[in-house]
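K.L.:
only the shape, not the letters, is given here:
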Ligand SMILES: [Zn+2]
Ligand SMILES: [Zn+2]
């Protein structure tokens, strides 16, 4: 049985890579030290801040909410609001909404629930079905990711938030890093740091990752110790994603040679530095979407592009003609995609259809 490296009590946490073990109490101290260090090192927060915590209801985001709520009570200029984007996956989301509401009411935390239905007009289930009917080449996670980010930014701004904190942990970050390497997408790698940006736009709320240097198993343990882990976790679409395979692969590597995840994080930091020294990410500026007015990396935002392809957004002839050439080209391209794929019928089949 492993013993706490500090007090010799029975350990609940063992970190083979670092050669330490902790009992419950010393694990919590270690966790707190680690997160504070990240917050300080990367200057995640300012003296006055309305922190909107992006909550999914899963253990990671409940852990983040619990942590930041505790921290905010000790910092006079800070306020915390939980924001949950409800995409409407039946048989999954109801439970996580309930968990947030119960937590918020018990601990007196402000919260807000932003529904896909209200912002996009459809639930994710409806969108996925529609996309399959139209033969669009996207996995459920693509729609979810694009619309979720879109709604998150908009709702956070409407709430008066000055910063959005997301629960991405070290595991999430290195998974995304590997996925971007596979996709040869270095512009995305530059943006993988703990603070989003340098993008600025009057409607863009900056995003930070306080758990950037914390392992998934650490946030899980933190959640368990604080009574925030009640099982029911996994999005039913998760297994269809590429991330699922990448995650398993990294976990296998870590098992065989402890420390792989930290190495990947250091590799990412080197990559960001190298890319920045080459000027990557500097040209990054945000457009204002020509259709919806939200901040976007493109003249027409991804959410509007998808809505056009799904046939749930219309653009009048006059509007189309009034658009700047680049935006107009993007709208026409999306409309073409929507048309071209339309006949040909339903791609439901036995599960594997949504993508490749
Ligand atoms: Zn101890
Ligand atoms: Zn848009």
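P.N.:
Noted; the coordinates are in hand. Not measured: the values here are computed from a predicted model. Numbering: from 1, shown residues only. Ligands and ions are numbered 1, 2, ... in the order given.
K.L.:
can you tell me which residues in this protein are near ligand 2?
P.N.:
Within the chain, the positions adjacent to ligand 2 are 289, 291, 292, 301, 304 by CB under 5 Å from the ion. From N, CA and C alone the C-beta is placed, and that goes for glycine too.
K.L.:
go with 8 Å
P.N.:
Contact residues (CB under 8 Å from the ion) of the chain with ligand 2: 150, 289-294, 296, 300-305, 307.
K.L.:
whichever of those end up buried, select them in PyMOL.
P.N.:
Burial among the residues of the chain next to ligand 2 is assessed by 16 or more other CB atoms under 10 Å; the matching PyMOL selection reads:
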select buried, resi 150+289+290+291+294+296+300+301+302+303+304+305+307
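K.L.:
just the residues of the chain next to ligand 2: which has the poorest pLDDT?
P.N.:
pLDDT across the residues of the chain next to ligand 2 is lowest for residue 296, at 92.
K.L.:
which residues does that one form beta bridges with?
P.N.:
With beta bridges defined as DSSP bridges, residue 296 has these partners: residue 287.
K.L.:
residue contacts, it?
P.N.:
286, 287, 288, 289, 302 (CB atoms under 8 Å, 6 or more residues apart in numbering).
K.L.:
same list, those, but as JSON lines with distance to residue 48 please.
P.N.:
Below are the contacts of residue 296 laid out as JSON lines (distance: CB to CB, whole Å):
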{"residue": "286", "distance to residue 48": "24"}
{"residue": "287", "distance to residue 48": "29"}
{"residue": "288", "distance to residue 48": "27"}
{"residue": "289", "distance to residue 48": "29"}
{"residue": "302", "distance to residue 48": "32"}
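K.L.:
ok, now how distant is residue 101 from residue 132?
P.N.:
Residue 101 sits at a distance of 32 Å from residue 132 (criterion: CB to CB, to the nearest Å).
K.L.:
then residue 141?
P.N.:
14 Å.
K.L.:
of those two, who's got more company?
P.N.:
For residue 141 versus residue 132, the count of surrounding residues by other CB atoms under 10 Å is larger for residue 141: 21 against 18.
K.L.:
isn't the more buried one right up against residue 179?
P.N.:
No: counting by CB atoms under 8 Å, residue 179 is not a contact partner of residue 141; they are 11.3 Å apart.
K.L.:
overlap in contacts of the two?
P.N.:
Counting by CB under 8 Å, 6+ apart, the residues touching both residue 141 and residue 179 are residue 243.
K.L.:
tell me the contacts of residue 117?
P.N.:
86, 88, 123.
K.L.:
and of these, the nearest to ligand 1?
P.N.:
Nearest to ligand 1 among the contacts of residue 117: residue 86, at 39.9 Å, using CB to the ion.
K.L.:
quick one: contacts for that closest one?
P.N.:
Shown in contact with residue 86 (CB under 8 Å, 6+ apart): 93, 97, 113, 114, 115, 116, 117.
K.L.:
what's the local residue count around the first one?
P.N.:
It stands for residue 93. 24.
K.L.:
what do you get for the second one?
P.N.:
Applying other CB under 10 Å, we find 17 residues neighbouring residue 97.
K.L.:
measure it to residue 294 for me?
P.N.:
25 Å.
K.L.:
and the first one, by the same measure?
P.N.:
Between residue 93 and residue 294 the distance, using CB to CB, works out to 24 Å.
K.L.:
now the strands for the stretch 151-300 of the chain?
P.N.:
163-165, 206-208, 287-288, 295-296 (DSSP state E, counting those that start in this stretch).
K.L.:
go through those strands and name the closest to residue 188.
P.N.:
Residue 188 lies closest to strand 206-208 among the strands of the stretch 151-300 of the chain, at 14.0 Å (CB to CB).
K.L.:
list the buried ones in that closest one?
P.N.:
206, 207, 208.
K.L.:
how far out from the middle of the chain is it?
P.N.:
11 Å (CA atoms, centre = their mean, to the nearest Å).
K.L.:
now do stretch 117-135: distance from first to last residue.
P.N.:
Stretch 117-135 has its terminal residues 22 Å apart, counting by CA to CA, to the nearest Å.
K.L.:
any idea which helix or strand carries residue 303?
P.N.:
Assessed by DSSP states H and E, residue 303 sits inside helix 302-310.
K.L.:
against residue 110, how distant is the closest residue to residue 229 other than its chain neighbours?
P.N.:
Leaving aside its chain neighbours, residue 229 sits nearest to residue 223 (4.3 Å; criterion: CB to CB, 6 or more residues apart in numbering). Distance, residue 223 to residue 110, using CB to CB: 21 Å.
K.L.:
just the closest of the contacts of residue 117 to ligand 2, please.
P.N.:
Proximity of the contacts of residue 117 to ligand 2 (CB to the ion) peaks at residue 123, which lies at 19.5 Å.
K.L.:
next, the contact list for the closest residue in space to the closest one that isn't next to it in sequence, please.
P.N.:
Nearest non-adjacent residue to residue 123, counting by CB to CB, 6+ apart: residue 88, 2.8 Å away. Going by CB under 8 Å, 6+ apart, residue 88 touches 115, 116, 117, 123, 124, 125, 126.
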